[in-house]
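In: sequence plus the predicted model coming up.
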Amino acid sequence: MISANPEAPKLKFEPMKYGGSLDHLEYVDVTPIIGREYTKARIRDILHADNSEEQLRDLAVIISERGVVFFRANQDDLSVDDLKKFTDLVGKLSGRPKENGLHVHPLYRDPGNIPMGNGETDENIYVINSEAAKALYKTMAGKGSKEPKDLRREWHSDATFEECPSDFSCLMMEETPASGGDTLWCSGYEIYDRISPPMREFLDGLTATCAQPVFKSACTAGNYDVMSPRGSPLNVGDKFAPVHPVIRTNRQTGWKSVFAGVGLHVTQINGLYDYEDKMIRDYIMRLITQNHDCIARMHWTKGAAAIWNNSCVWHAATPDTHLVADGVRTGIRASSIGETPYLDPASTSRREALGIPN
């Protein structure tokens, strides 16, 4: 439990506490460290429950503590509006800035964007589709490389390229291939706990630039304007190069997590020489790849959904569906926009807060 020491520094945000409103739902914890799967629950039932806000608030606590939550049952009764409302309310009820809402993808106007399964488009819904991604990101640096693909680059947290990144993202899978297409999530909490105390103290003071120039280059190549604002009054323009803390505090739990130390959008750790920057990022990536007990894996089934907290997990899609005949994997994702990332001096690691020895 979090320390009740009256002399302990006070956190910027009071950690949320679980109230028990979801105890009636069957679940299994995916690993001891990360992930929970609700085996039969339907999101629509939570949305329309008499105590809906209580359940959604409790769900925000569980997601923030476990990192990611899977809904295994086919959510075929969940409309696009329901998905948006669900994601929006989880963010809102967990204390995000009042002026923020759902993210708007920068490239929504791109003709490469494909519609949802119902044939419609929505600025707050990003359609996950590997073929569409090829068209959207054809101007990304390194696209023409003949080198074997480095799948370490797949790790990221959503909208890190924004001043206010995403807090919660929810993805519902509409079409799945016969095999492959899994998504992995890794606990930034646990990766932080596996770093030595002197190294943690060093990393606590660092920031990283999270530049993603592909959005501006795509708009230039396609001759259309970037979407703006994008879920927050601070997410405007086409610079896409914010500075974020390498270690951040999760506002829902008060626990520290590695955040901008690695990932698709992280371009440099600031203030270091080039070799030092590479060394630190390689070190954090090594922690991810050598500690697979920090990872939860979702093998998608039609209509399944996942919701995660981008403040404390990275995720990576497995790009292997091209190896399967008719290997189509299509899903729709909504993302809430949280606060500007921060490191609270009063925050602690997850294990320290819960009294779990390293």
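Out: Arrived safely, thanks for sending.
In: could you list the low-pLDDT ranges of the chain?
Out: Residue ranges of the chain with pLDDT under 70: 1-8, 130-145.
In: mind listing the helices for the protein?
Out: Ranges of helices within the chain are 43-47, 52-66, 80-93, 130-136, 188-193, 197-204, 214-222, 274-290, 350-354, based on DSSP state H.
In: closest to the centroid, which residue in this protein?
Out: Geometric centre of the chain, nearest residue: N310, 3.0 Å, by C-alpha atoms, centre = their mean.
In: list the contacts for the nearest residue to E163 once chain neighbours are set aside?
Out: Closest residue to E163 apart from its sequence neighbours, by C-beta to C-beta, 6 or more residues apart in numbering: L234 at 4.2 Å. Yep, even glycine has a C-beta here, placed from its N, CA and C like the rest. Applying C-beta atoms under 8 Å, 6 or more residues apart in numbering, we find L234 in contact with E162, E163, C164, T340.
In: F168 too?
Out: Counting by C-beta under 8 Å, 6+ apart, F168 touches 60, 63, 87, 90-91, 94, 307-310, 335-336, 338.
In: Serialize those residues to a markdown table and add fields for distance to R36.
Out: Conversion of the contacts of F168 to a markdown table gives the following (distance: C-beta to C-beta, whole Å):
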| residue | distance to R36 |
| --- | --- |
| A60 | 13 |
| I63 | 8 |
| T87 | 17 |
| V90 | 14 |
| G91 | 18 |
| S94 | 16 |
| I307 | 10 |
| W308 | 11 |
| N309 | 12 |
| N310 | 17 |
| S335 | 20 |
| S336 | 19 |
| G338 | 21 |
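In: and which of these is nearest E54?
Out: A60 (10.9 Å; C-beta to C-beta).
In: now that closest one: how far from M16?
Out: In this structure, A60 and M16 are 7 Å apart, going by C-beta to C-beta, to the nearest Å.
In: more neighbours, the two?
Out: Neighbour totals were compared for A60 and M16, and A60 leads with 27 against 21 (other C-beta atoms under 10 Å).
In: contacting residues for the closest residue in space to the more buried one that isn't next to it in sequence?
Out: Closest residue to A60 apart from its sequence neighbours, by C-beta to C-beta, 6+ apart: S94 at 3.8 Å. Applying C-beta under 8 Å, 6+ apart to S94 gives the contacts M16, R57, A60, V61, S64, D167, F168, R251, Q252.
In: report how many residues lie close to the second one.
Out: Spelled out, it's R57. Neighbours of R57 (other C-beta under 10 Å): 22.
In: before we move on, what about the last one?
Out: Residue crowding around Q252 was assessed by other C-beta under 10 Å; the count is 26.
In: show me the contacts for it.
Out: F13, P15, M16, A60, V61, S64, E65, S94, G95, N309, S311.
In: K84 contacts L102, doesn't it?
Out: Yes. In this structure K84 lies within contact range of L102 using C-beta atoms under 8 Å: 6.1 Å.
In: shared neighbours of those two, which are they?
Out: Contacts common to K84 and L102, judged by C-beta under 8 Å, 6+ apart, are N124, A334.
In: neighbours of R109, how many?
Out: Neighbours of R109 under the rule other C-beta under 10 Å: 16.
In: that one and V226, how far apart?
Out: 8 Å.
In: likewise A260?
Out: Counting by C-beta to C-beta, the gap from A260 to V226 is 22 Å.
In: cheers, nothing more for now.
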